[in-house]
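J.: okay, sequence plus prediction incoming.
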Amino acid sequence: MTGRISEQHSAFLHMVRIYATAAVIIGHATRPDILFDVDISIMGRATIPTFLMISAYFSARTFTRSGTFVAVVGRRYLSMYFVFLPAAVAALLMDLYMIEAGSIITTKDKFDPDMSLGRIAIEFFEMLTFSGEYWSISTVGQGVFSNEAMWIMDYIMAYTVATAALYILRGWQRIAALLVICVIAGPTVVLMAPLWFTGILAFEIDKRLDEGLTIRINMAGTEALKALIKRQAKHLALLTTVGAVILIFILEGNQLGESLYQWSKTIVSYDYRQYLGMAKRFAWQYVYLPTMLAVFVAARFLFTGGLPGPVRAAIELVSKYCLPLFAIHFTLMYLFATLIPDYTPSWRSPDPYLMLSGTTLAGIAFGWFCFRFSKPVFDGISRRLFTRPSAVA
């Protein structure tokens, strides 16, 4: 970019992250089969593309301005461990309790009750490498222990390494790294890659449009002309956003995504689609890419001003806790459902609301623990491993 993004644009990106996290949690908490009797999953229909696109956008901004390939990748993995390693330990302990208590989660098809030392070791290895979805042959045990929501991190980290290779490496090294990443991650991860790289494309379009707009403004002869150019850019961004929102409603109204999903089922057999895991919905997810790309690009020019300090601080604080809350919420929901006597999964019962409230509060407490105790440890390890001695001196 030609400069730092505005406070409004930064707040917009954080609010997108907040919405996506809330949509995931509410979507998981309102599963009609176990936890609730009303399906409002449409709220999170575009959650996976949103998560991948916004993570890609932030990654592209980071990787254009720092470090060697090994250092950047190493720091990124360590920056995830401070949340996901404690989340894996917590999920293991909660699973042990829920198996003993006969929790409803143990009846789920994807729940793996095997708690042998070998299986526990494999789960922690897959968590540390974020590789559980690589060449997966089953959706059973998807995630880390019962924490199914963690599956997406396998995709995010694979794409993160690919993005680092794209921005930091050059020539044959870049090509070789990308090919190796594709081979290691497997077709399941590759199939979802367009969702991530659309976020990279949004950043690159933003950067070039921002540079062009800055040149035009600098060349303008008067302040009035500069103001006119800025207003024109904002009006165009507004029209683009409105058009994208209208298109989303048209696509949903015509059920294009669902139609493509049903069509994709005819390509390969059921067994192969089960192997694809979450990527089996790729055709449905692709439908959102043009509209989301338009919104992400337009936001850079639509939100250009400042924000009151307390408002900005509040948004950033909530956004900060999205990662730990996302990392632990899935298993916490079933733990609280287990702890509530005679849990009734109905909107008429207070039980689901107590479950969701308990999950949120416990997730926030978990986040506080991670930021207070875990993050300083992994930040210290990162500095020791990846900070050059000359930079310290």
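T.: Received, thanks. Residues are numbered from 1 along each chain as shown.
J.: when you work out contacts or count neighbours from here on, use the C-alpha atoms and nothing else.
T.: Noted.
J.: for residue 120, give me phi and psi.
T.: Main-chain dihedrals, residue 120, degrees, to the nearest 10: phi -60, psi -40.
J.: and for it, the neighbour number?
T.: Using other C-alpha atoms under 10 Å, residue 120 has 16 neighbouring residues.
J.: distance-wise, check it relative to residue 131.
T.: Applying C-alpha to C-alpha, to the nearest Å, the value for residue 120 to residue 131 is 15 Å.
J.: now do whatever helix or strand residue 74 lives in: which elements does it pack against?
T.: Per DSSP states H and E, residue 74 falls inside helix 69-101. For helix 69-101, the packing partners by 3 or more C-alpha pairs under 8 Å, 6 or more residues apart in numbering; DSSP states H and E come out as helix 117-129, helix 151-168, helix 322-339, helix 375-386.
J.: out of the ones you listed, which one sits most buried?
T.: Across the helices and strands packed on helix 69-101, averaging neighbours per residue (mean count of other C-alpha atoms under 10 Å) puts helix 322-339 on top, at a mean of 23.
J.: any idea how far that one is from the chain center?
T.: Computed by C-alpha atoms, centre = their mean, to the nearest Å, the chain-centroid distance of helix 322-339 equals 16 Å.
J.: now swap in stretch 158-178 and tell me
T.: So, by C-alpha atoms, centre = their mean, the centroid of stretch 158-178 is 21 Å from its chain's centroid.
J.: can you give me the end-to-end distance of that stretch?
T.: Distance between the two ends of stretch 158-178: 10 Å, counting by C-alpha to C-alpha.
J.: so for it, what's the average pLDDT?
T.: Average pLDDT, stretch 158-178: 94.
J.: same deal with stretch 11-31?
T.: 87.
J.: do stretch 115-133 as well
T.: 94.
J.: which outside residues touch it?
T.: Residues outside stretch 115-133 that contact it (C-alpha atoms under 8 Å, 6 or more residues apart in numbering): 81, 84-85, 88, 96, 142-145, 151, 153-155, 157-158, 185, 188-189.
J.: from the chain's centre, how far out does it sit?
T.: 21 Å.
J.: can you list the low-confidence ranges for the stretch 151-300 of the chain?
T.: 274-275, 277-278 (pLDDT under 70).
J.: go with 80
T.: Along the stretch 151-300 of the chain, segments meeting pLDDT under 80 span 220-221, 226, 252, 264-265, 267-281.
J.: quick one, helices of it?
T.: Counting by DSSP state H, counting those that start in this stretch, the stretch 151-300 of the chain has these helices, from start to end: 151-168, 171-185, 187-219, 223-253, 256-264, 270-275, 282-286, 289-302.
J.: separation between residue 233 and residue 303?
T.: Distance, residue 233 to residue 303, by C-alpha to C-alpha: 11 Å.
J.: want to throw the helices and strands packed on helix 69-101 into a markdown table with distance to residue 5?
T.: Output for the helices and strands packed on helix 69-101, formatted as a markdown table (distance: least, C-alpha to C-alpha, whole Å):
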| stretch | distance to residue 5 |
| --- | --- |
| helix 117-129 | 32 |
| helix 151-168 | 20 |
| helix 322-339 | 21 |
| helix 375-386 | 26 |
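J.: for residue 254, find the nearest of the ones you listed.
T.: Closest approach to residue 254 among the helices and strands packed on helix 69-101 is made by helix 151-168 (28.1 Å; C-alpha to C-alpha).
J.: residue 100: neighbour count?
T.: Residue 100: 10 neighbours (other C-alpha under 10 Å).
J.: per-residue pLDDT of it, please?
T.: pLDDT, residue 100: 94.
J.: what's the answer for the one 10 residues further on, then?
T.: Reading off the per-residue confidence, residue 110 sits at a pLDDT of 80.
J.: tell me the SS of it?
T.: Put simply, residue 110 is coil when judged by DSSP: H, G, I helix; E, B strand; the rest coil.
J.: burial measure for the closest residue to residue 166 other than its chain neighbours, as a count.
T.: Counting by C-alpha to C-alpha, 6 or more residues apart in numbering, residue 166 lies nearest to residue 174, which is 6.2 Å off, once chain neighbours are set aside. Neighbours of residue 174 under the rule other C-alpha under 10 Å: 17.
J.: does residue 174 touch residue 165 like I think?
T.: Yes. With contact defined as C-alpha atoms under 8 Å, residue 174 reaches residue 165; the gap is 5.6 Å.
J.: wait, which of the helices of the stretch 151-300 of the chain is closest to residue 361?
T.: So among those, helix 151-168 is nearest, using C-alpha to C-alpha, at 22.8 Å.
J.: how about the most centrally placed residue in the chain, what does it touch?
T.: Closest residue to the average C-alpha location of the chain: residue 51 at 3.3 Å, with C-alpha atoms, centre = their mean. For residue 51, the contact set (C-alpha under 8 Å, 6+ apart) comprises 17, 20.
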